[in-house]
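Colleague: sequence isn't available, so here's the structure alone:
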């Protein structure tokens, strides 16, 4: 159990390093389809509402509605607000969410998908093991 805690702390530290490196990035959240956070790292600048499971689950709802338009499933949804932007990426069974300033470079945020792919594979494997038990 101690190893799992240490690994979780290492993951959070890694995510915090990315947040510090990317201008305007406030939070990185890995959640399940229902918006339940698996791991997250956030600064004090992130709006509390953006960390709630109900908000994080909007990707699943939005992508389901968009697929009804005949465009197939979304890979990503970018939501722009007055002061913030939220970039959510489908990595089923996980959702990767970035909460950032509206001035942050959206292309850089989308590019973080490649940088986080190994991390997401590890988390997916852990989730798959947990679900199958």
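Modeller: The structure has been received and is ready for your questions. All values reported here derive from a predicted model rather than from experimental measurement.
Colleague: what is the neighbour count of residue 8?
Modeller: Number of residues near residue 8 (other C-beta atoms under 10 Å) recorded here: 12. For every residue, glycine as well, the C-beta is placed using N, CA and C.
Colleague: mean confidence for stretch 31-50?
Modeller: For stretch 31-50, the mean pLDDT works out to 92.
Colleague: now do stretch 122-133
Modeller: Per-residue confidence for stretch 122-133 averages out to 68 on the pLDDT scale.
Colleague: before we move on, what about stretch 77-85?
Modeller: Stretch 77-85 carries an average pLDDT of 93.
Colleague: list the buried residues for it?
Modeller: Within stretch 77-85, the residues that qualify as buried by neighbour count (16 or more other C-beta atoms under 10 Å) are 77, 84-85.
Colleague: what is the nearest of these to residue 22?
Modeller: Of all these, the one sitting nearest residue 22 is residue 85; the distance, using C-beta to C-beta, is 12.4 Å.
Colleague: for the closest one, list the residues it contacts.
Modeller: By C-beta atoms under 8 Å, 6 or more residues apart in numbering, the contact set of residue 85 is 78-79, 99-102, 104, 106, 109.
Colleague: picking up where we left off before, need the buried residues of stretch 77-85 in JSON lines with secondary structure, can you?
Modeller: Formatted as JSON lines, the entries for the buried residues of stretch 77-85 read as follows, by DSSP: H, G, I helix; E, B strand; the rest coil:
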{"residue": "77", "secondary structure": "strand"}
{"residue": "84", "secondary structure": "strand"}
{"residue": "85", "secondary structure": "strand"}
